[in-house]
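J.: whatever this is, show me its structure:
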Amino acid sequence: MRTFLLPFIALTSCGSGPIKIAADRCWTVSAGDQVEGTAILHAYAEQGCIECGAYLTSDQCPGTTDFATANEAVDGAYDRIVHTSRPDKNGFIEQKVRLSGQVIANGATGKPMIQAERLELLE
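T.: Numbering: from 1, shown residues only. From the prediction side, this is the model:
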């Protein structure tokens, strides 16, 4: 029995790696996916809006994917991006970012949400 289980365990632990997303391609994600790549971050940059959540898009496809931060380093990177970017007339910023993280279900809507474990602005 042990001879049979060891190869099985080795095969099941070798995943295909994270899903690659790109700001210039269509992509979709599902809860449980690991992701890495680029996307367009949209966020409200003005004060006083509690319900103005951030989301991610691609240049090529309609639709949005919710965005959340997973740690203090990403919180700091997110704040720097939002507060150093020029908002549009409605108070929103739109920036191309590189990120990686896990897709979770949004607790309020059930939609997929990328919870970023790493985030950086692309210049």
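J.: make it CA atoms for all contacts and neighbour counts henceforth
T.: OK.
J.: list the contacts of the residue nearest to residue 33 when sequence neighbours are not counted.
T.: Residue nearest to residue 33 in three dimensions, not counting chain neighbours: residue 103, with 5.3 Å by Cα to Cα, 6 or more residues apart in numbering. Taking Cα atoms under 8 Å, 6 or more residues apart in numbering, we find residue 103 in contact with 29, 30, 31, 32, 33, 34, 35, 112, 113, 114, 115.
J.: among the residues you listed, name the ones in strands.
T.: 34, 35, 112, 113, 114, 115 (DSSP state E).
J.: where along the chain do the helices fall?
T.: For the chain, helices defined by DSSP state H occupy the ranges 2-13, 72-84.
J.: weakest of the ones you listed in terms of mean pLDDT?
T.: Note on the helices of the chain: helix 2-13 shows the lowest mean pLDDT, a mean of 43.
J.: name the residues of stretch 82-93 that come out as buried.
T.: 82, 87, 92, 93 (16 or more other Cα atoms under 10 Å).
J.: what about that stretch, distance to the chain center?
T.: Stretch 82-93 sits 19 Å away from the centroid of its parent chain (Cα atoms, centre = their mean, to the nearest Å).
J.: contact partners of it?
T.: Residues contacting stretch 82-93 (Cα under 8 Å, 6+ apart): 41, 42, 43, 44, 45, 46, 94, 95.
J.: contacts only, for the second one.
T.: In this structure, residue 42 makes contact with 54, 55, 56, 57, 92, 93, 94, 95, judged by Cα under 8 Å, 6+ apart.
J.: please apply the same query to residue 113.
T.: Here residue 113 is in contact with 31, 65, 66, 67, 68, 103, 104, 105, 106 (Cα under 8 Å, 6+ apart).
J.: may I ask which of those residues has the most neighbours?
T.: Counting neighbours by other Cα atoms under 10 Å, residue 103 comes out on top of the contacts of residue 113 with 23 neighbours.
J.: how about the CA coordinates for the lengthiest strand in the chain, as PDB?
T.: Counting residues, the longest strand found in the chain (DSSP E) is strand 92-105. Only the C-alpha atoms of strand 92-105 are listed here, as PDB (Å, rounded to 0.1, in the frame of the first residue of the first chain):
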ATOM      1  CA  PHE A  92     -11.200  57.300  -9.300                       C
ATOM      2  CA  ILE A  93      -7.700  56.200 -10.300                       C
ATOM      3  CA  GLU A  94      -6.800  53.700 -12.900                       C
ATOM      4  CA  GLN A  95      -3.300  52.200 -12.900                       C
ATOM      5  CA  LYS A  96      -1.600  49.200 -14.400                       C
ATOM      6  CA  VAL A  97      -0.200  47.000 -11.600                       C
ATOM      7  CA  ARG A  98       1.700  43.700 -11.100                       C
ATOM      8  CA  LEU A  99       0.200  41.400  -8.500                       C
ATOM      9  CA  SER A 100       0.000  37.900  -7.200                       C
ATOM     10  CA  GLY A 101      -2.400  36.300  -4.700                       C
ATOM     11  CA  GLN A 102      -5.300  34.000  -4.100                       C
ATOM     12  CA  VAL A 103      -8.800  34.200  -5.400                       C
ATOM     13  CA  ILE A 104     -11.400  34.100  -2.700                       C
ATOM     14  CA  ALA A 105     -15.200  34.500  -2.800                       C
END
